[in-house]
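*Asks:* give me coordinates for this.
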Amino acid sequence: MLLLERYGPFSDRILPFRPDARLHIVLGPNEAGKTSALSAIGDLLFGFPKRAEYAFLHSAKQLRVGAEIRLADGSQLCFRRRRGDKNTLLDFKDAPLDDGLLTPFLGALKRENFQNEFGLTAKALRNGGDELVKAGGHLTETLAATSAGLSALMRARARLEAEAETLFGTRRAAGKAFYAVLDRYDEADKQLRASIVTADALKDAEEKVSAAERACETLMTEHDHVGRDLARRQRAQRTRPKLLQLANMRSEGAAYADLPGVTVDQLAAWRSVLAQASEIERAIAEFDAGDAEDQTALAELAVDETLLAEAGVAEALRERLGAVRKALTDLPKRQEAQRGARDMLAEDARRLGLGGLNDLLERQPTDPALAWVQDLMRALRRAEDRLAEAEARLMQARRDRAALEAEKPADEALDDPSPFRQRLDVFSDLPADADQLRRETAANAAEAASLIEDAAALDPCVGTPDELARKPLPDGAEIQAALATAEALAEEAKGLAAAKDAVAKALAAAEKEIASLSRTGAVVAREDLTQMRACRDNIFAELGLHLDGEAGARRRHFEALGAASESIDTVTDSLLSDAGRAARIEAALDRISEAQQERERLTAAETALDLRREAFAAAWADLWTAARIAPNPPSLMVRWRERASEILVHRRRLADKQSATQALADKLAELDAPLQILSVALGVAVDGALPIEVRYRALCATLDNMQSRWTQVREHILAHRNAEKSVSDAERVQAESLAEHEAKRSLWPDAVAAVGLAASASIPEAE
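*Replies:* Here you go, the predicted structure:
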């Protein structure tokens with residue numbers, strides 16, 4: 001059924017179709033609305049266009065079309081379409097439907113394809129005939145042009161031919177892209193042939209390469225021998241000055257033995273400062289040189305102000321020179337075109353039977369006379385077409401009126417089923433509600449089973465969703481705080497472990513360095529020198545006590561003093577010659593001491609951390625004691641709590657859905673008795689054991705049948721009235737067209753006389 005509520009010339013017009021028919025034919029005279037109905041179907045399926053073409057009787061906002069469609073699976077789809085940007089699909093109660101409701105049925109079909117495939121009109125057929133003439137009789141292209149909208153095939157072919165002409169022509173031209181590429185190809189082929197190497201040339205080249213490689217190997221061998229000798233000489237030359245310099249430095253260093261020592265860090269700092277000072281001086285020198293160059297360039301720069309002021313005039317003359325050169329280039333073409341035009345005019349004069357070009361120009365009618373004749377010819381053509389169309393329309397209107405009078409229906413007194421329709425409209429939501437009840441019941445059962453599975457999948461498990469809802473679970477903030485504490489403790493433990501590992505590596509490195517430095521012999525430290533000096537002082541004091549004693553004791557003390565002094569000199573010499581190694585060993589010993597102290601501190605920190613971990617574990621377990629849950633680590637329980645919250649939220653939503661489903665079931669139960677009363681009023685016996693939506697559809701089918709018969713009667717009456725009006729309108733239009741044609745024909749003799757023709761000349765002769 002197609003409902004034309006407010007569209008084009010229609011108001012509340014219904015086109016019923018038999019559900020069991022495989023083909024429907026819609027007949028009607030011209031201006032009856034067949035094209036409007038076809039456009040209404042397109043707007044119904046694909047939406048109204050931006051421009052409201054059929055808003056001449058009703059405003060654009062009031063346009064409405066609707067339909068009741070039976071799908072392939074036997075189900076029905078009822079919807080209406082309004083004009084707008086969104087929510088254009090409505091049900092029969094003006095409630096919005098999903099804009100994608102028709103997508104599963106239309107698929108990839110677009111409005112243009114629908115019109116070209118299923119909406120052929122007389123205009124489309126005429127356009128197809130025009131394409132047939134243009135194509136030179138290619139029937140396949142013409143049929144495609146009228147049925148599938150492929151009239152652009154000829155235009156595409158013309159475009160491709162024009163593009164081919166720009167690339168390639170029958171005559172060779174340097175400006176064609178194909179010939180330019182062909183020239184490049186020929187040149188490349190020549191170069192390729194010139195680059196080909198013969199077998200003899202290749203053999204000679206390979207022999208020369210082999211001889212060169214053998215000579216190269218001989219030279220490389222000699223080069224290696226000479227290089228080794230040269231390297232030894234250069235090494236001797238490099239080392240001799242350095243050895244002499246070292247000897248001089250030792251002698252100079254002995255003179256500065258009493259100076260205080262300089263650390264490596266101080267020496268590096270002094271060198272860094274000297275390097276920075278040198279870099280600053282170099283940068284200053286570069287800036288001064290650049291400034292001098294800039295000043296010189298500025299002084300040498302000279303600008304001709306007069307020439308600069310005439311820049312615009314020079315530019316204009318340059319552009320004019322280009323235009324003059326182009327005009328000189330185009331002059332031969334324009335002269336050739338002028339000669340062609342003169343030849344064409346001479347040929348036209350010959351065909352018209354005139355003496356020549358001058359005679360043709362003298363006989364040329366004035367532009368106003370030509371315009372008058374051309375305008376009058378077009379007006380006569382239009383008047384003749386309108387007169388023929390009016391006469392055909394009048395004949396068709398009379399035939400339609402006669403056919404309607406012969407098809408007068410027998411049951412014109414049929415009652416209007418609208419009251420029953422209004423009573424049945426109260427139950428219009430019943431099928432959707434019943435279907436919704438079935439779907440919601442099944443969905444609720446599936447969601448309840450899914451909730452039970454989700455609750456059972458929790459680890460630790462707490463039973464059903466109802467049991468989970470009864471447990472006093474900690475809130476998310478407490479769990480997040482515990483997780484932050486656990487992560488902080490873990491991060492602290494990780495940091496302590498990394499620090500201990502670093503300390504162990506530092507100890508091993510220091511011990512390894514000491515072992516490596518000690519391989520070349522024992523190293524004397526400053527403490528050893530201090531102890532020896534103290535021992536020497538004691539011996540010297542003892543010697544002072546025995547200077548006046550016996551000679552043997554005095555000699556022993558002198559010998560002991562000499563041995564102590566010799567030992568001190570030996571240690572001093574060792575410290576001076578091996579000061580770097582001794583300093584590195586001393587620094588390594590300091591690092592070992594510091595590392596051992598750091599290791600003791602880290603061990604104490606680990607002990608304190610273990611105590612805090614135990615306290616946190618006890619507090620974490622107490623947090624879940626009220627819920628009687630043995631918790632996993634906080635990192636896992638955060639997600640557990642989120643999933644538990646989701647389950648509880650879904651449980652509440654499911655309870656709300658179940659309440660709404662029960663309310664819908666109660667609503668359907670209340671509609672059972674009123675529907676039975678309406679069945680009795682319509683005289684339809686329906687089994688009460690059937691589902692309520694099945695009984696509703698049976699009543700709808702009965703009422704649709706009544707509506708169809710009543711609509712047919714009303715449509716016949718309205719069609720007869722329209723036929724009478726069409727006959728009167730056609731008679732009036734025919735009289736007007738005849739008067740217009742006679743008025744235009746009366747002007748014809750004067751018009752053709754102005755261009756040199758007789759009054760009896762026909763329109764083709766004037767053309």
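*Asks:* measure residue 624 to residue 497 for me?
*Replies:* 29 Å (Cβ to Cβ, to the nearest Å). The C-beta positions use only the backbone N, C-alpha and C, and glycine is treated the same way.
*Asks:* hmm, residue 675 is touching residue 692, no?
*Replies:* Yes. If you go by Cβ atoms under 8 Å, residue 675 and residue 692 touch, sitting 6.6 Å apart.
*Asks:* shared neighbours, those two?
*Replies:* residue 430 (Cβ atoms under 8 Å, 6 or more residues apart in numbering).
*Asks:* mind listing what's buried in stretch 597-609?
*Replies:* 598-599, 602, 605 (16 or more other Cβ atoms under 10 Å).
*Asks:* picking up where we left off before, more crowded one of residue 624 and residue 497?
*Replies:* When residue 624 and residue 497 are compared for neighbours, residue 624 comes out ahead with 19 against 12, by other Cβ atoms under 10 Å.
*Asks:* and the gap between that one and residue 639?
*Replies:* 15 Å.
*Asks:* now swap in residue 29 and tell me
*Replies:* On the measure of Cβ to Cβ, residue 29 and residue 639 end up 76 Å apart.
*Asks:* neighbour count winner among the two?
*Replies:* Legend: neighbour count by other Cβ under 10 Å for residue 29 and residue 639, higher for residue 29 (17 against 11).
*Asks:* element containing that one, please.
*Replies:* For residue 29, there is no host helix or strand (DSSP states H and E).
*Asks:* so where do the helices sit in the stretch 551-700 of the chain?
*Replies:* 551-577, 579-623, 634-670, 672-682, 692-746 (DSSP state H, counting those that start in this stretch).
*Asks:* okay, those in JSON lines with distance to residue 384 and mean pLDDT next?
*Replies:* JSON lines is the format used below for the helices of the stretch 551-700 of the chain (distance: least, Cβ to Cβ, whole Å; pLDDT from 0 to 100):
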{"stretch": "helix 551-577", "distance to residue 384": "133", "mean pLDDT": "72"}
{"stretch": "helix 579-623", "distance to residue 384": "101", "mean pLDDT": "83"}
{"stretch": "helix 634-670", "distance to residue 384": "69", "mean pLDDT": "85"}
{"stretch": "helix 672-682", "distance to residue 384": "59", "mean pLDDT": "76"}
{"stretch": "helix 692-746", "distance to residue 384": "6", "mean pLDDT": "82"}
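*Asks:* ok, which of these comes nearest residue 38?
*Replies:* helix 692-746 (18.5 Å; Cβ to Cβ).
*Asks:* that closest one vs helix 672-682, what angle?
*Replies:* On the basis of axes from the mean of the first three to the mean of the last three Cα atoms, to 10 degrees, helix 692-746 is oriented at 50 degrees to helix 672-682.
*Asks:* helix or strand right after helix 692-746?
*Replies:* Assigned by DSSP H and E, the successor of helix 692-746 is helix 748-753.
*Asks:* who does that following helix touch, helix- and strand-wise?
*Replies:* Other helices and strands packing on helix 748-753, by 3 or more Cβ pairs under 8 Å, 6 or more residues apart in numbering; DSSP states H and E, are helix 367-406.
*Asks:* and the helix it packs on, what does it pack onto?
*Replies:* So helix 367-406, by 3+ Cβ pairs under 8 Å, 6+ apart, packs with helix 692-746, helix 748-753, helix 763-766.
*Asks:* among those, which is nearest residue 421?
*Replies:* The closest of those to residue 421 is helix 692-746. By Cβ to Cβ, the value is 6.1 Å.
*Asks:* could you check the angle helix 634-670 makes with the closest one?
*Replies:* Compare the direction of helix 692-746 with that of helix 634-670 by the same axes, to 10 degrees and you get 80 degrees.
*Asks:* can you give me how far helix 692-746 is from the chain middle?
*Replies:* When C-alpha coordinates are averaged (Cα atoms, centre = their mean, to the nearest Å), helix 692-746 and its chain have centres 53 Å apart.
*Asks:* ok, residue 392 - how many residues close by?
*Replies:* By other Cβ under 10 Å, neighbour count at residue 392 equals 13.
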